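Peer 1: only geometry, no sequence info:
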């Protein structure tokens, strides 16, 4: 059975985006997949920085636009694997690595530009779409698609 539970959050500053990410990161236990969709500059990496902070990661989070992926270790033993597929023209290139990462229960995965690899994402994942109605305002539409992501969205709201 597939679940579709949705919530919408309005953000008005970079700090608010990081705070929301921190709340989200604190809920991650490993095995989660978060797909981030939004235009360039929407706040995907900023949200990921907050997620890392909520997981207890103190290392500087950098956009993996040019390296495609970066991995960070949280004190809990859960790793954060951060992908950015903006420059990826062929999803097959990363399919094997991503598939391997998705199977690890000690890893939380955040994928920027996840729509490029939508066909290989797990059924149960959290999709966050970020829109920018004004220069400062961001609207995040958060959709849970499965039991694991449903738990996250319920605890986040």
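Peer 2: Perfect, I can see it now. Being a predicted model, the structure only gives us computed values, none of them experimental.
Peer 1: where does the residue lying closest to residue 123 once chain neighbours are set aside fall, phi/psi-wise?
Peer 2: Distances taken as C-beta to C-beta, 6 or more residues apart in numbering place residue 146 nearest to residue 123, at 5.8 Å, with adjacent residues excluded. Quick note: C-beta positions are derived from backbone N, CA and C, even for glycine. As for residue 146, its main-chain torsions (degrees, to the nearest 10) stand at phi 150, psi 170.
Peer 1: ditto for residue 75
Peer 2: According to degrees, to the nearest 10, residue 75 has phi -60, psi -30.
Peer 1: secondary structure element holding the residue lying closest to it once chain neighbours are set aside?
Peer 2: Of all residues not flanking residue 75 in the chain, residue 56 sits nearest, at 4.5 Å (C-beta to C-beta, 6+ apart). For residue 56, there is no host helix or strand (DSSP states H and E).
Peer 1: pLDDT score for residue 56?
Peer 2: As predicted, residue 56 sits at a pLDDT of 98.
Peer 1: residues contacting it?
Peer 2: 74-76 (C-beta atoms under 8 Å, 6 or more residues apart in numbering).
Peer 1: cool, and residue 108?
Peer 2: Applying C-beta under 8 Å, 6+ apart, the residues near residue 108 are 25, 28-34, 51, 55, 78-81.
Peer 1: swap in 10 Å and give it another go.
Peer 2: Counting by C-beta atoms under 10 Å, 6 or more residues apart in numbering, residue 108 touches 24-25, 27-34, 51-52, 55, 72, 74, 78-82, 101.
Peer 1: on that earlier part again, turn the contacts of residue 56 into CSV, including neighbour count, distance to residue 115 and pLDDT.
Peer 2: What follows is these, written out as CSV (neighbours: other C-beta atoms under 10 Å; distance: C-beta to C-beta, whole Å; pLDDT from 0 to 100):
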residue, neighbour count, distance to residue 115, pLDDT
74, 21, 27, 97
75, 9, 32, 97
76, 13, 29, 96
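Peer 1: brilliant, that's me finished.
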